[in-house]
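> What follows is a predicted structure for the sequence shown.
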Amino acid sequence: DSGVTQTPKHLITATGQRVTLRCSPRSGDLSVYWYQQSLDQGLQFLIQYYNGEERAKGNILERFSAQQFPDLHSELNLSSLELGDSALYFCASSFLDGKNTEAFFGQGTRLTVV
Amino acid sequence: QKEVEQDPGPLSVPEGAIVSLNCTYSNSAFQYFMWYRQYSRKGPELLMYTYSSGNKEDGRFTAQVDKSSKYISLFIRDSQPSDSATYLCAMSESNAGNMLTFGGGTRLMVKP
């Protein structure tokens, strides 16, 4: 168990809908990262927050947004969902923001858009 | 062409074999190199973390980085059926924190 908790584990929703994925980082970790894993694209970095502030952005669609709250948990909001958004969404956390810090992944949320 | 290339496999070996997993990359700015293991439907688990070129050993696992060739390897000695999983290489630039760029993963099957 990495100590990173993601909820829900599974989510099935219809096209056009909006969902929220939740991540609780390991105790003491200040950085949260969101990744998307699909069969054709592999694991892709979406966005990073450090102590409540957005720190880095990757291949995140405009329909997606995230935030990190004062208690350091993070939420990833996906809206106007399309079939192609079906994927595993992982959250990772690390203590620091910079180099030489290890990131630990949660078990993921499997999103199915029908 | 992807920034990080990894043979998807599957790679099937008998129990006890030495396994060699590899990744090539194109971005010379990558400084930190990692190997993750991912069991089916689970989150990636960090196995090895190395900085720049050189070797690092941890139990049955050895990671090698050759920055001149843009090539990294993970060796698994005395492979076990429990090592059957997908192995993902990941890399990051020195100034980008933990924004990791992953390879597509190699599926390994160790047969008893």
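Right, received. Where do you want to start?
> What residues does residue 12 make contact with?
In the absence of a named chain, chain A is used. By C-beta atoms under 8 Å, 6 or more residues apart in numbering or on different chains, the contact list for residue A:12 reads A:112, A:114. Using the backbone N, CA and C atoms, a C-beta is placed for each residue, glycine as well.
> my bad, the chain I had in mind was chain B
Residue B:12 sits next to B:109, B:111 when contact means C-beta under 8 Å, 6+ apart.
> Rounded mean pLDDT for stretch A:66-79, please.
Mean pLDDT, computed over stretch A:66-79, is 97.
> List the contacts of that stretch.
Residues outside stretch A:66-79 that contact it (C-beta under 8 Å, 6+ apart): A:18-25, A:29-30, A:32, A:34, A:46-47, A:49-54, A:60, A:63-65, A:85, A:89, A:91, A:111.
> Please list which of those are also close to chain B.
residue A:50 (C-beta under 8 Å from any C-beta of the partner chain).
> Check whether residue A:112 really touches residue A:11, as I assumed.
Yes - the pair residue A:112 / residue A:11 is scored as a contact, 7.0 Å apart, by C-beta atoms under 8 Å.
> higher neighbour count, the two?
The residue with more neighbours, out of residue A:112 and residue A:11, is residue A:11; 18 against 12, by other C-beta atoms under 10 Å in any protein chain shown.
> Filter the contacts of stretch A:66-79 down to the ones in strands?
Among the contacts of stretch A:66-79, the ones falling in strands (DSSP state E) are A:19-24, A:32, A:34, A:46-47, A:49-50, A:53-54, A:64-65, A:89, A:91, A:111.
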